[in-house]
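1. Structure, please.
(one chain, ligands or ions: 1)
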Amino acid sequence: MASSYGYPFEQQHCLSISQFSRPDIETLLTLGNHYLDLDVQKSKERSMLAGKTLVNLFFENSTRTEKSFEIAGRRLGADVINMSVVGSSVKKGETLLDTAATLNAMNPDILVVRHGASGAPALLAQKVSGSVINAGDGVHEHPTQALLDALTLRRHFGEDLGGLRIAICGDIKHSRVARSDIQLLNVLGCDIRLIGPPTLIPADADKWGVDVFHDMETGLEGCDVVMMLRLQMERMSGAFVPSKREYFHFYGLDRSKLGFAKQGAMVMHPGPMNRGVEISSDVADDPKVSLITSQVESGVAMRMGILHALSDARDGVA
Ligand code: NCD
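-> I've put the predicted structure just below:
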């Protein structure tokens, strides 16, 4: 694909879905799709990021996101450095901004940041000279997850997602994935429902352009997609659910609850999954209904697309 997309992508960072216009989003998804096509072909060697350095700076644990950025960066020819917080000066009391200054002196071209505090990547973006990608900040946003979710949906349902009814279920309150997905899927014209216990749905959620439900049977009616979320125990300050067993009984997705959705409905989950808590294994592992593996595949391609777009914007190519 040529470096020009017919639309000038000028974003220097990827911090939130709200920063992107519809054409920005279309450009990113087109690039993601381009790399999805290339990824299934044999030759994976490319040099678009040759000579550039990508630093993965993860203050919170990650499997999928960190690895997929690493693979995406390497496939595009970048030098990738994973800065694990364990063993770094951060544990010795260095502040985020000190870390940023140190990293900046090493001149990374791209900094992929995951942090427990909402807004941390945006703060870093003001202090470093390279592009910053938000790989999840507190309960705020996880824009690259939303983009890969949209790419996964397009792979399955086709390019026009307008009118697709999507239920996002479970721990909305602590989910940065939900916040980014809701914004992006709204831009793409989806009909979004949130389903969960009142304790796990923020009070102002009805202002997010969604319909809120508290029971799976009514909420899932007519849904094309059921997106399950992990109970984020590590972000809970008290008891938000009576017990995991009871939670599964009311909100866990199993075959019988999936039956409330539209015939042929597909299931998504950003991972990591708590099997038997928010989703049963027979649903999660059934390729006829589950898009979960497809989400992981799309993750690498989508991140290649994001790296491509940001790099072109920096170089003034787009
Ligand atoms: C999500 C995250 O970290 O926000 N995971 C991910 O990036 N694949 C969701 C979660 O942790 O539950």
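2. Go ahead and confirm Leu147 touches Leu184.
-> Yes - using C-beta atoms under 8 Å, Leu147 makes contact with Leu184 at a distance of 6.9 Å. Where you see a C-beta, it was placed from the backbone N, CA and C, and this is true even at glycine.
3. So which of these two has more stuff around it?
-> When neighbours are counted by other C-beta atoms under 10 Å, Leu147 comes out ahead of the other of Leu147 and Leu184, with 27 against 23.
4. Contact partners for the more buried one?
-> By C-beta atoms under 8 Å, 6 or more residues apart in numbering, the contact list for Leu147 reads 25, 28-29, 32, 184, 302, 305-306.
5. Could you work out the most separated pair of these?
-> With C-beta to C-beta as the measure, no two of these lie farther apart than Leu184 and Gly305, at 14.2 Å.
6. Please enumerate the strands of the stretch 151-300 of the chain.
-> Along the stretch 151-300 of the chain, counting by DSSP state E, counting those that start in this stretch, strands occupy 165-169, 191-195, 211-213, 225-228, 266-268.
7. so which of the ones you listed comes closest to the ligand?
-> For the ligand, the closest of these is strand 225-228, at 9.9 Å, according to C-beta to the nearest ligand atom.
8. which secondary structure elements does the closest one contact?
-> strand 165-169, strand 266-268 (3 or more C-beta pairs under 8 Å, 6 or more residues apart in numbering; DSSP states H and E).
9. Distance check, the closest residue to the ligand within the stretch 201-318 of the chain against Ala178.
-> Closest approach between the stretch 201-318 of the chain and the ligand, counting by C-beta to the nearest ligand atom: Arg230, at 3.5 Å. Counting by C-beta to C-beta, to the nearest Å, the gap from Arg230 to Ala178 is 11 Å.
10. got a list of what Gln183 touches?
-> Going by C-beta under 8 Å, 6+ apart, Gln183 touches 16-18, 146.
11. which one among the residues you listed gets closest to the ligand?
-> Ala146 (10.5 Å).
12. Next, count neighbours for that closest one.
-> Number of residues near Ala146 (other C-beta under 10 Å) recorded here: 27.
13. Would you mind giving the orientation angle of the host helix or strand of it with respect to strand 165-169?
-> Assigned by DSSP states H and E, Ala146 belongs to helix 143-157. Angle, helix 143-157 to strand 165-169, by axes from the mean of the first three to the mean of the last three C-alpha atoms, to 10 degrees: 140 degrees.
14. Pull out the buried positions in helix 143-157.
-> 143-155 (16 or more other C-beta atoms under 10 Å).
15. from these, which are also near the ligand?
-> Counting by C-beta under 6 Å from any ligand atom, Gln145 from these sit close to the ligand.
16. Pipe the buried residues of helix 143-157 into TSV and attach pLDDT per row.
-> TSV is the format used below for those (pLDDT from 0 to 100):
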residue	pLDDT
Pro143	98
Thr144	98
Gln145	98
Ala146	98
Leu147	98
Leu148	98
Asp149	98
Ala150	98
Leu151	98
Thr152	98
Leu153	98
Arg154	98
Arg155	97
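17. What segments of this structure are helices?
-> Counting by DSSP state H, the chain has helices at residues 22-40, 64-75, 96-105, 120-127, 143-157, 176-187, 216-219, 244-251, 255-258, 281-284, 292-315.
18. weakest of these by average pLDDT?
-> Lowest mean pLDDT of the helices of the chain: helix 96-105, a mean of 83.
19. Check which helices and strands that helix sits against.
-> strand 53-58, helix 120-127.
20. one more time with 10 Å
-> For helix 96-105, the packing partners by 3 or more C-beta pairs under 10 Å, 6 or more residues apart in numbering; DSSP states H and E come out as strand 53-58, strand 79-84, strand 110-115, helix 120-127.
21. Determine whether any part of the last one lies close to the ligand.
-> Put plainly, it is helix 120-127. No - using C-beta under 6 Å from any ligand atom, helix 120-127 never reaches the ligand; the gap is at least 13.1 Å.
22. Output that helix as PDB, nothing but the C-alphas.
-> Only the C-alpha atoms of helix 120-127 are listed here, as PDB (Å, rounded to 0.1, in the frame of the first residue of the first chain):
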ATOM      1  CA  ALA A 120      -0.600   8.800  32.200                       C
ATOM      2  CA  PRO A 121       0.100   8.200  28.400                       C
ATOM      3  CA  ALA A 122      -1.300  11.700  27.600                       C
ATOM      4  CA  LEU A 123       1.000  13.200  30.200                       C
ATOM      5  CA  LEU A 124       4.000  11.300  28.700                       C
ATOM      6  CA  ALA A 125       3.000  12.500  25.200                       C
ATOM      7  CA  GLN A 126       3.700  16.100  26.300                       C
ATOM      8  CA  LYS A 127       7.200  15.200  27.600                       C
END
